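[1] give me a 3D structure for the following:
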Amino acid sequence: MDTLQAMRAFVSVAETGSFTAAAKQLNTTVAQVSRGVSGLETRLRARLLNRTTRRIALTEAGERYLLRCEQILAYVEDAEAEAGDAHARPAGRLRVHSMTGIGQHYVIRAIAEYRKQFPEVSVDLTMANRVPDLLDEGYDVAVVVATELPDSGLVSRRIGKTYSILCASPDYLASRGQPKVLADLAEHDCLRLLSPVMSLDKWLFDGPYGQEMIALAPSPFQVNVGDGMTEAIRCGMGIGVLPVYSAIAGLRDGSLVRVLPHYRMQRLNVYALYPSRQYLDAKIKTWVEFLHDRLPTALEADEEIVSRGCDGNGKARATDGVKGA
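    Residues are numbered from 1 along each chain as shown. Reported below is the predicted structural model:
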């Protein structure tokens, strides 16, 4: 019998005045209750109960120990109730990690909507273009963009899908020409986006002829954040790859033009990663469910905007060589 069980046995004997009654109360045997109390006395090197054939009485040490045991067991019961409630009621601090682009464009907005439903949950969000170690770094959930995930022992749930497209500025295309086929990209300045989900030296496309790959020549510019690439393209530095959510504003206001619109980069999955399915905390469960319910709709709406190549008024923009893929 462990120490807490032995404490419960001792308190029950003290309250009922009988080893038999205590055993019945704890749904165990008289012998186990007796061993538990004797084990405490041996560990403490003090007699807790005076026993006769007719009655049981607390010693002075037993009275002091009883008070402490009652306090300790009350704390344990409170802790168990609080932990059990965590599986039923979303509350407390939720630590979320997200890749930067998906975080800026979707996760922050999702957090705002989530907290309207669950105001007792506070959220710590960290954004970086990497897959964190959830256990070592203490995150509850990570939002990750990848073609597929390595076997990590974590629970993964796909919560959406997305892709990237090629964009350039109208001024760049006016001076350098509009690529008509993938091979034409060899004659252009191709800007590189440093990404954990994209090769630095080649671009893999899904297009009318299936998957096609092109190798990239040395680039005049590279950056590690999607919104940084957006600005570089707007400035006319060349043709670059943008996630659909980073391209939308520029396509709407005309500062960006979609290049080779019948092609898009390989589709990527958006995953929620968390440590375990067993005894899942309510705030983690509801957050993952919230993302699963809301994120696909937001991603699909943005893909529809990009595929149409619309301007700010929602009308298809008649740019030379550019139409919806």
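
[2] and the gap between residue 175 and residue 240?
    16 Å (CB to CB, to the nearest Å). Heads up, the C-betas are built off the backbone N, CA and C, glycines and all.

[3] between those two, which one's more packed in?
    residue 240 (30 against 9; other CB atoms under 10 Å).

[4] once you drop chain neighbours, what's closest to the more buried one?
    residue 191 (3.7 Å; CB to CB, 6 or more residues apart in numbering).

[5] the strand or helix carrying the one you found pairs with which strands?
    Here residue 191, judged by DSSP states H and E, is contained in strand 190-193. Neighbouring strands of strand 190-193 in its sheet, by DSSP bridges, are strand 222-223 (parallel), strand 239-243 (parallel).

[6] deepest of those, which one?
    strand 239-243 (a mean of 26; mean count of other CB atoms under 10 Å).

[7] any idea how far that strand is from the chain center?
    26 Å (CA atoms, centre = their mean, to the nearest Å).

[8] all helices for this protein, in order.
    Using DSSP state H, the helices of the chain run over residues 3-16, 19-26, 30-44, 60-86, 100-102, 108-117, 134-137, 170-176, 226-234, 244-253, 282-308.

[9] tilt between the second one and helix 3-16?
    Angle between the axes of helix 19-26 and helix 3-16 is 120 degrees (criterion: axes from the mean of the first three to the mean of the last three CA atoms, to 10 degrees).

[10] kindly export helix 19-26 (C-alpha atoms) in PDB.
    Provided in PDB are the C-alpha atoms of helix 19-26 (Å, rounded to 0.1, in the frame of the first residue of the first chain):
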ATOM      1  CA  PHE A  19     -10.500  -1.400  11.300                       C
ATOM      2  CA  THR A  20     -13.500  -3.400  10.100                       C
ATOM      3  CA  ALA A  21     -15.600  -0.300   9.400                       C
ATOM      4  CA  ALA A  22     -12.600   1.400   7.700                       C
ATOM      5  CA  ALA A  23     -12.100  -1.700   5.400                       C
ATOM      6  CA  LYS A  24     -15.800  -1.600   4.400                       C
ATOM      7  CA  GLN A  25     -15.600   2.200   3.800                       C
ATOM      8  CA  LEU A  26     -12.500   1.800   1.600                       C
END
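
[11] how about low-confidence regions in the stretch 101-250 of the chain?
    Flagging of the stretch 101-250 of the chain using pLDDT under 70 yields the residue ranges 197.

[12] does residue 194 touch residue 222 like I think?
    Yes: counting by CB atoms under 8 Å, residue 194 touches residue 222, with 5.9 Å between them.

[13] what do those two both touch?
    Taking CB atoms under 8 Å, 6 or more residues apart in numbering as the contact rule, residue 194 and residue 222 both touch residue 200.

[14] show me what contacts the closest residue to residue 134 other than its chain neighbours?
    Distances taken as CB to CB, 6+ apart place residue 275 nearest to residue 134, at 5.5 Å, with adjacent residues excluded. Residues counted as contacts of residue 275 (CB under 8 Å, 6+ apart) are 134, 135, 140, 154, 155.

[15] got a quick ChimeraX command for the buried subset of those residues?
    Of the contacts of residue 275, the buried ones go into a single ChimeraX selection, burial set by 16 or more other CB atoms under 10 Å:
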select :134,140,154,155
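
[16] got the domain ranges for the chain?
    3-86, 92-162+269-303, 164-266+304-308 (automatic domain parsing).

[17] neighbours around residue 167, how many?
    26.

[18] what pLDDT does the residue nearest to it when sequence neighbours are not counted get?
    Ranked by CB to CB, 6+ apart and with sequence neighbours excluded, the top spatial neighbour of residue 167 is residue 256, at 4.6 Å. Per-residue confidence (pLDDT) for residue 256: 94.

[19] dump the residue contacts of residue 256.
    So residue 256 contacts 167, 168, 169, 230, 233, 234, 242, 247, 250 (CB under 8 Å, 6+ apart).

[20] do that again at 10 Å, thanks
    Counting by CB atoms under 10 Å, 6 or more residues apart in numbering, residue 256 touches 165, 167-170, 230, 233-234, 240, 242, 246-250, 309.

[21] pull the most distant pair out of those residues.
    Greatest spacing in these, by CB to CB: 170 and 246 (17.6 Å).

[22] of those two, who's got more company?
    When residue 170 and residue 246 are compared for neighbours, residue 246 comes out ahead with 27 against 16, by other CB under 10 Å.

[23] isn't the more buried one up against residue 101?
    Yes: judged on CB atoms under 10 Å, residue 246 makes contact with residue 101 at a distance of 6.1 Å.

[24] what sits in contact with each of these two?
    What both residue 246 and residue 101 touch, as defined by CB under 10 Å, 6+ apart, is the set 164, 193, 225, 226, 227, 229, 230.
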